[in-house]
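[1] quick one, structure for this:
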Amino acid sequence: MQKPRSLLIAHRWIALVFAPLLLLQAATGAILLFRDELTQFALPAETGKDGKIVPLSTLAGAAIKAFPDLHLKRIFFPVEGKSAAFAQLEGTDGTMRYAAIDPDSGIVLASGSIWRFPHEAALQVHYKLMSGPVGLAIVALNGLALAVLALSGVWHWWPGASRVARELGAPARAPARLKLRMWHRSVGAVLAFVLLSSAVTGMLLSVPDIPAPWAAAVTTPEPSDPDAKSIDRAFGLAQSAFPASEPRDVRFAADGSLSVNFLAPRGGKWAVDVVTVSTIDERVTSILPFEQNHALWITALPIHTGDTIGPAGRWPILAAAFALVFLAISGPLAWWRSRRKGRGS
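    Sure, this is the predicted structure:
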């Protein structure tokens, strides 16, 4: 069947426009597949042999002391007990600062901007290009572009079921220029499904967080950091809801409430049970078990990271990331070579 040339032209121009961003997303995505290991390497804890962790209020106090003009937003507990705790703080002007805290002593081991912590920088670049709602929208558009490229590329390449095996490769005697184009098509065809899956789930992760232009602005109270006793009492109330669960992180809201995410291994690596507690009223205001959380990320994130099929799932995702790097470079290079050859003739 004759394929419309307009499809190939559209494929090429979409690829040329989005190639730099696709390359960036592939690189940061590959890094994030090993985020836990990189966190443990970059932020090793100086924890004693007993492995005890200081109270949450001590971690919070250390972070606030490092940046007294900012307000605490979130604290991540040590990853598998092998890394430092990690705090995020924000100023009224949106300035973000970070602190790594030893969980055994409560001493700040490192602090600074996001560039002091490359593992966090990779996450923020991959998720929203460090640009808030605009970055989220661009990332979502990039996901749409990748989905279109995967589908259009396979459709344009498809040689028919009987010829698939023969077309997956390049003849040894083919010119280098043609080999590059053939391998570009073959790699894209082989990993098209994984790339399409990454594109669609990436959009599902970013689109819900993009504020609607017509939505009314939400007025938030002036943030204030609760005192140490209130923090520990609130955390204790949250822990009592899931006494056998390990806390993953705590969010500190401007209204004085704490939202504690407890790991829920029954639902997979990313599953959490959420308990929200008011530090002012000292009572639990909501409990959201994993099974009752219907947010899109609950389904999309494990697919996006490959964890749906277990710990080995990140390897096909890593292969797709490397393939996307190759495609984002080889496609424009093949186009440039063909343009140069056309001018030369």
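[2] okay, residue 247: pLDDT?
    At residue 247, the model reports a pLDDT of 97.
[3] correct me if wrong: it contacts residue 239.
    Yes: with contact defined as C-beta atoms under 8 Å, residue 247 reaches residue 239; the gap is 7.1 Å. C-beta here means a position set from N, CA and C on the backbone, and glycine is covered the same way.
[4] tell me where the stretch 51-200 of the chain is predicted with low confidence.
    Along the stretch 51-200 of the chain, segments meeting pLDDT under 70 span 51, 167, 169-173.
[5] pLDDT score assigned to residue 343?
    Residue 343 carries a pLDDT value of 53.
[6] mutual contacts of residue 247 and residue 239, please.
    Here residue 247 and residue 239 share the contacting residues residue 260, scored by C-beta atoms under 8 Å, 6 or more residues apart in numbering.
[7] ok but residue 262 is inside a strand, no?
    Yes: looking at residue 262 with DSSP: H, G, I helix; E, B strand; the rest coil, it is inside a strand.
[8] wait, what's in contact with it?
    Counted by C-beta under 8 Å, 6+ apart, residue 262 has contacts 238, 242, 245, 246, 247, 248, 272, 273, 274, 275.
[9] and the first one, how far from residue 168?
    Between residue 238 and residue 168 the distance, using C-beta to C-beta, to the nearest Å, works out to 53 Å.
[10] so for those two, which residue has more residues nearby?
    Shown here are residue 238 and residue 168; by other C-beta atoms under 10 Å, residue 238 has more neighbours (25 against 16).
[11] for the helix or strand where the more buried one lies, buried residues please.
    Using DSSP states H and E, residue 238 falls within helix 228-241. By 16 or more other C-beta atoms under 10 Å, the buried positions in helix 228-241 come out as 230, 231, 232, 233, 234, 235, 237, 238, 239, 241.
[12] for residue 256, grab phi and psi.
    Main-chain dihedrals, residue 256, degrees, to the nearest 10: phi 90, psi 10.
[13] and it, how many neighbours does it have?
    Residues within reach of residue 256, counting by other C-beta under 10 Å, total 18.
[14] repeat that for residue 63.
    Neighbourhood size, residue 63 [other C-beta under 10 Å]: 29.
[15] leaving aside the residues next to it on the chain, what's closest to it?
    Excluding its sequence neighbours, the residue lying closest to residue 63 (C-beta to C-beta, 6 or more residues apart in numbering) is residue 87, at 3.6 Å.
[16] who touches the particular helix or strand that has that neighbour in it?
    Here residue 87 sits within strand 85-90, counting by DSSP H and E. Here strand 85-90 makes contact (C-beta under 8 Å, 6+ apart) with 39, 43, 53, 59-60, 62-64, 66-67, 70-78, 96-103, 117, 120.
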